[in-house]
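Chemist: pasting the structure only:
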């Protein structure tokens, strides 16, 4: 059996899975990560591969080799430019983006579905025993899929980004086409034409690879509106920072996390009321909050001896530790000697760590998907409570009680189901609208602050009093708590925001 064709199978399988992963990940970056989107893209891709495999029955045996080379060139150009095209289109409108996304998934899935049946036929035409063909082809197909499933999230996506990763796999498909044509040129009547076509596509993809970051930067510029001053991707999310005059904004996977114009409202409301509950608090645990803005507020209290910040994304904490502009925003809190930064999954870290804290501040992103939803679950809050000192307090960022009321009150209900007493409250942040928090402890003793023992930019006696009063349109709703096996919170969150965005 020709080793070149077997290597081609390995590369072809890697590229086919890569396009599927890239388009699914890109959809989650730009449209919001949900189980429905991810599974629908995978399902459509697999369905399209089945159509492609079926279509190969209409290719004549004498045309098999040339058709395989043509398909590889076609996969290379369409799959290669897919991510770049989607980035550009999303800057104009989300409506055609969805249509073109699913169209691309269908087309790329169909052409990749034709590859392996054609490789098997090429080998079969060379009198290779059928069982040998099937075992070798499928073995290297699965090995290629394993390789890219590890390389993509760990190396390619964080280092190259989505657009360049897709272009790299497009280049690999085209190289396979050119090498196959060269290897079997004596059997190809159209060798010269195929070589020219493949060479032009390869040069086109290489050119796009060189300028991909420039193109995506301009596309993101259009999407975010304000000038993009920094962008990167980690294995967990895409991080974009924009700046216009005195307004610096952080976006994670396209979702606004803060605006420097009004973030003080959010972070003072998150931190100061719970710190005033514990005037002698010395040890503070922050889960999430990798931007260091919550830590900035904690460090206003001189009695604090140590802050432990656990954030999954090392890229996030690295950026906010080293950028001069971002250090100015967070008061250089992440480099403070009282600060300990741990980059780990919060739930796993809590399971292994035995230390207890006077105050625990939970500042995770909104529960827009199941991986985040688990961090707002009953088991998670029970585990958090075990790390709380007697008379200690917890506060949880809890999304909007106005735009996502079912999700907000689900978080409150979940804390109660974990055995905690709660004190819900909210604050108006112009960039987000009404935003909600839930304070919790074991004893149920809370004091609404009448004054603060640290400087504030927003909070005072009157604004604090208003935070703990809920008008009728944000009143408590009957909801179920969020357990791991049901994940009701993600369902509530998606339904609430779908209604709010109409």
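Modeler: Cool, got the structure. Quick caveat, the model's predicted, so the values are computed rather than measured. Numbering: from 1, shown residues only.
Chemist: next SSE after the helix or strand hosting residue 285?
Modeler: Remark: residue 285 resides in strand 283-288, with elements defined by DSSP states H and E. Helices and strands here follow DSSP H and E; after strand 283-288, the next one along the chain is helix 293-298.
Chemist: and that next one, what does it pack onto?
Modeler: Packing contacts for helix 293-298, counted by 3 or more CB pairs under 8 Å, 6 or more residues apart in numbering; DSSP states H and E, involve helix 263-277, strand 283-288, strand 306-310, strand 357-363. Yep, even glycine has a C-beta here, placed from its N, CA and C like the rest.
Chemist: Check the burial of residue 40 by counting its neighbours.
Modeler: Neighbour count of residue 40, defined by other CB atoms under 10 Å: 15.
Chemist: The helix or strand harbouring it - contacts with which helices or strands?
Modeler: Under the criterion of DSSP H and E, residue 40 resides in helix 35-55. Packing partners of helix 35-55 (3+ CB pairs under 8 Å, 6+ apart): helix 3-31, helix 94-113.
Chemist: Comparing those, which yields the minimum mean pLDDT?
Modeler: Lowest mean pLDDT within the helices and strands packed on helix 35-55: helix 3-31, a mean of 80.
Chemist: Report the distance from that one to the chain centre.
Modeler: 18 Å (CA atoms, centre = their mean, to the nearest Å).
Chemist: That helix packs against which elements?
Modeler: helix 35-55, helix 64-90, helix 94-113, helix 115-125, helix 130-151, helix 157-183.
Chemist: Now distance to residue 274 too, for these, in a markdown table please.
Modeler: Conversion of the helices and strands packed on helix 3-31 to a markdown table gives the following (distance: least, CB to CB, whole Å):
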| stretch | distance to residue 274 |
| --- | --- |
| helix 35-55 | 33 |
| helix 64-90 | 38 |
| helix 94-113 | 37 |
| helix 115-125 | 57 |
| helix 130-151 | 41 |
| helix 157-183 | 34 |
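Chemist: To residue 367, which of the ones you listed lies closest?
Modeler: Of all the helices and strands packed on helix 3-31, helix 35-55 sits nearest to residue 367, with 12.4 Å by CB to CB.
Chemist: re the thing from before, now do the buried residues in the strand holding residue 285.
Modeler: Counting neighbours by 16 or more other CB atoms under 10 Å, one finds that the buried residues in strand 283-288 are 283, 284, 285, 286, 287, 288.
Chemist: Format the residues you listed as a markdown table; extra columns: distance to residue 460 and pLDDT.
Modeler: Output for the buried residues of strand 283-288, formatted as a markdown table (distance: CB to CB, whole Å; pLDDT from 0 to 100):
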| residue | distance to residue 460 | pLDDT |
| --- | --- | --- |
| 283 | 28 | 97 |
| 284 | 23 | 98 |
| 285 | 27 | 98 |
| 286 | 24 | 98 |
| 287 | 28 | 97 |
| 288 | 27 | 95 |
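Chemist: same question for stretch 316-325, mean pLDDT?
Modeler: 92.
Chemist: that older thread, ok, the buried residues of strand 283-288 vs residue 300, which is closest?
Modeler: Out of these, the member with the shortest distance to residue 300 (by CB to CB) is residue 284, at 11.7 Å.
Chemist: burial measure for residue 86, as a count.
Modeler: 23.
Chemist: go on, residue 56?
Modeler: Neighbour count for residue 56, taken as other CB under 10 Å: 19.
Chemist: Any figure for the gap between the closest residue to it other than its chain neighbours and residue 499?
Modeler: Spatial nearest neighbour of residue 56, excluding adjacent residues (CB to CB, 6 or more residues apart in numbering): residue 117 at 4.3 Å. Per CB to CB, to the nearest Å, residue 117 is found 46 Å from residue 499.
Chemist: Compare neighbour counts for those two and give me the winner.
Modeler: residue 117 (19 against 12).
Chemist: Just confirm the more buried one contacts residue 58, I think it does.
Modeler: No: using CB atoms under 8 Å, residue 117 makes no contact with residue 58, being 11.4 Å away.
Chemist: follow-up on the earlier one: and which of the buried residues of strand 283-288 is nearest to residue 71?
Modeler: Nearest to residue 71 among the buried residues of strand 283-288 is residue 288, at 45.9 Å by CB to CB.
Chemist: on that earlier part again, for the helices and strands packed on helix 293-298, which one sits closest to residue 47?
Modeler: strand 283-288 (37.6 Å).
Chemist: Looking at the residue positioned nearest the centre of the chain now. What's its pLDDT?
Modeler: The chain has residue 237 as the residue nearest its centroid, 3.7 Å off, counting by CA atoms, centre = their mean. With respect to pLDDT, residue 237 scores 79.
Chemist: That one contacts residue 311, doesn't it?
Modeler: No: in terms of CB under 8 Å, residue 237 does not count as a neighbour of residue 311; the distance is 11.3 Å.
Chemist: still on that earlier bit, from the buried residues of strand 283-288, which is closest to residue 233?
Modeler: Ranked by distance to residue 233 (CB to CB), the buried residues of strand 283-288 are led by residue 288 at 18.9 Å.
Chemist: Where does the record place the domain boundaries for the protein?
Modeler: 3-219, 228-257, 262-500 (automatic domain parsing).
Chemist: so how far is the second one off the chain centroid?
Modeler: How far domain 228-257 lies from its chain's middle: 13 Å, per CA atoms, centre = their mean.
Chemist: tell me how far the ends of that domain are from each other?
Modeler: 15 Å (CA to CA, to the nearest Å).
Chemist: How about the first one?
Modeler: For domain 3-219, the separation between the terminal residues is 42 Å (CA to CA).
Chemist: Equivalent analysis for the longest one, please.
Modeler: With CA to CA as the measure, the ends of domain 262-500 fall 22 Å from one another.
Chemist: can you give me the helices for the stretch 351-500 of the chain?
Modeler: Counting by DSSP state H, counting those that start in this stretch, one finds helices in the stretch 351-500 of the chain at the ranges 370-373, 378-386, 405-417, 461-467, 488-500.
Chemist: out of the ones you listed, deepest packed?
Modeler: Highest mean neighbour count among the helices of the stretch 351-500 of the chain (mean count of other CB atoms under 10 Å): helix 405-417, with a mean of 24.
Chemist: Next, the angle helix 378-386 makes with that one.
Modeler: Helix 405-417 runs at 50 degrees relative to helix 378-386, counting by axes from the mean of the first three to the mean of the last three CA atoms, to 10 degrees.
Chemist: which residues are contacting helix 405-417?
Modeler: 366-367, 376-378, 381, 394, 396, 398-401, 422, 424, 436, 438, 440, 474, 476-477, 479-482, 488-489, 492-493, 495-496 (CB atoms under 8 Å, 6 or more residues apart in numbering).
Chemist: and if you look at stretch 435-445?
Modeler: 266, 269-270, 273-274, 277, 381, 385, 388, 390-401, 408, 411-412, 415, 419-429, 446.
Chemist: from those, which would you call buried?
Modeler: Among the contacts of stretch 435-445, those classed as buried by 16+ other CB under 10 Å are 266, 269-270, 273-274, 277, 381, 385, 388, 392-401, 408, 411-412, 415, 420, 422-429, 446.
Chemist: Mean neighbour count, the helices and strands packed on helix 35-55: which tops it?
Modeler: helix 3-31 (a mean of 22).
Chemist: Between helix 157-183 and that one, find me the angle.
Modeler: Relative orientation of helix 3-31 versus helix 157-183 (the same axes, to 10 degrees): 150 degrees.
Chemist: how far away is the closest residue to residue 144 other than its chain neighbours from residue 44?
Modeler: For residue 144, ignoring the flanking residues on the chain, the nearest one in space by CB to CB, 6+ apart is residue 13 at 3.1 Å. In this view, residue 13 and residue 44 are 19 Å apart by CB to CB.
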